[in-house]
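Participant: What follows is a protein structure lacking sequence information:
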């Protein structure tokens, strides 16, 4: 399937996805929202284990939502637009794939909300990251007011949203907005190395772990714990787990494996 908003390159078990609107800040419009649903539907039917998103060009990862499209909206249309963006990002969180934002430039507004919906975030040292909507008389509408406090806490999220400040890659790392910061030329290499380490683990365990962790963002503790137990029990349906456990118990190597992470 061909996409207008994305350029795809399959590298073994990873699909590298470049947001393909360099002339429009790689911004999010209605077609972008439709295509992210279709893209995930397609990739989840393949042997792909992770999708890495980065921006086409040298300046933007995703520069917010499409301003031309938003200027045409009234209050009702704006609510619908916000809800469509939120559902697109909710779809990302529901995906069993590992989704990675490789932030290679300006990443603000809806672009950072997109990154928050990914599981892992790496950024170039030259990236600029934030939610500057208040500077133009708006508030975040793609989940930023809800996801950001769950990542860095209410206090820091409040300061970030009310100030509209854009943070460098190093500042974003210190705040916990991203997981790693790299030199621009090393972003692909560092992203690949992170995924290679993760891919040592069986995919079903990664997917179930992702679902359980995401539940902590949506449910209270009792319901989240119930979700964890349900996903934990599903691991016992898998022959990989049972065969590995049986073999290591017989060899006496289980504790060594758990301690070393091998």
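Facilitator: Nice, thanks for sending it over. None of these values were measured; they are calculated from a predicted model.
Participant: contacting residues around the strand or helix carrying residue 40?
Facilitator: Of the helices and strands defined by DSSP states H and E, residue 40 is found in helix 30-43. Applying CB atoms under 8 Å, 6 or more residues apart in numbering, the contact partners of helix 30-43 are 1, 3-6, 8, 15, 17, 19, 21, 51, 66, 69, 81, 84-85, 87-88, 91-92, 95, 97. All C-beta atoms are positioned from the backbone trio N, CA, C, and that covers glycine.
Participant: Would you tell me what the next helix or strand after it is?
Facilitator: strand 50-55.
Participant: Quick one: list the elements packing against that following strand.
Facilitator: strand 14-19, helix 30-43, strand 60-63, strand 98-103, helix 187-198 (3 or more CB pairs under 8 Å, 6 or more residues apart in numbering; DSSP states H and E).
Participant: what are the ranges of the helices in the protein?
Facilitator: Along the chain, the stretches classed as helices by DSSP state H are 30-43, 67-71, 75-94, 110-117, 144-152, 154-163, 169-175, 187-198, 203-218, 221-235, 239-251, 254-260.
Participant: residues making contact with the fourth one?
Facilitator: Looking back up the chat, that one is helix 110-117. Contacts of helix 110-117 with the rest of the structure, by CB under 8 Å, 6+ apart, involve 26-28, 53, 60-65, 85, 89-90, 92-93, 99, 101, 103, 107, 121, 129-131, 140-144, 147-148, 151.
Participant: Hey, what's the angle from that helix to strand 50-55? Just curious.
Facilitator: Orientation check (axes from the mean of the first three to the mean of the last three CA atoms, to 10 degrees): helix 110-117 against strand 50-55 gives 160 degrees.
Participant: Likewise for the fifth one?
Facilitator: Angular relation of helix 144-152 and strand 50-55 on a 0 to 180 degree scale: 120 degrees, by the same axes, to 10 degrees.
Participant: still on that earlier bit, just the buried residues of the contacts of helix 110-117.
Facilitator: Buried subset of the contacts of helix 110-117 (neighbour count, 16 or more other CB atoms under 10 Å): 26-28, 53, 60-65, 85, 89, 92-93, 99, 101, 103, 107, 121, 129-131, 140-144, 147-148.
Participant: quick one on the thing from earlier: mind putting the helices and strands packed on strand 50-55 into a markdown table with distance to residue 233?
Facilitator: A markdown table is the format used below for the helices and strands packed on strand 50-55 (distance: least, CB to CB, whole Å):
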| stretch | distance to residue 233 |
| --- | --- |
| strand 14-19 | 29 |
| helix 30-43 | 26 |
| strand 60-63 | 38 |
| strand 98-103 | 22 |
| helix 187-198 | 23 |
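Participant: of all the ones you listed, which lies closest to residue 224?
Facilitator: Closest approach to residue 224 among these (CB to CB): strand 98-103, 20.6 Å.
Participant: now that closest one, how far from the chain's geometric center?
Facilitator: Centre-to-centre, strand 98-103 and its host chain are 5 Å apart (CA atoms, centre = their mean, to the nearest Å).
Participant: Could you measure from residue 213 over to residue 185?
Facilitator: Counting by CB to CB, to the nearest Å, the separation of residue 213 from residue 185 is 31 Å.
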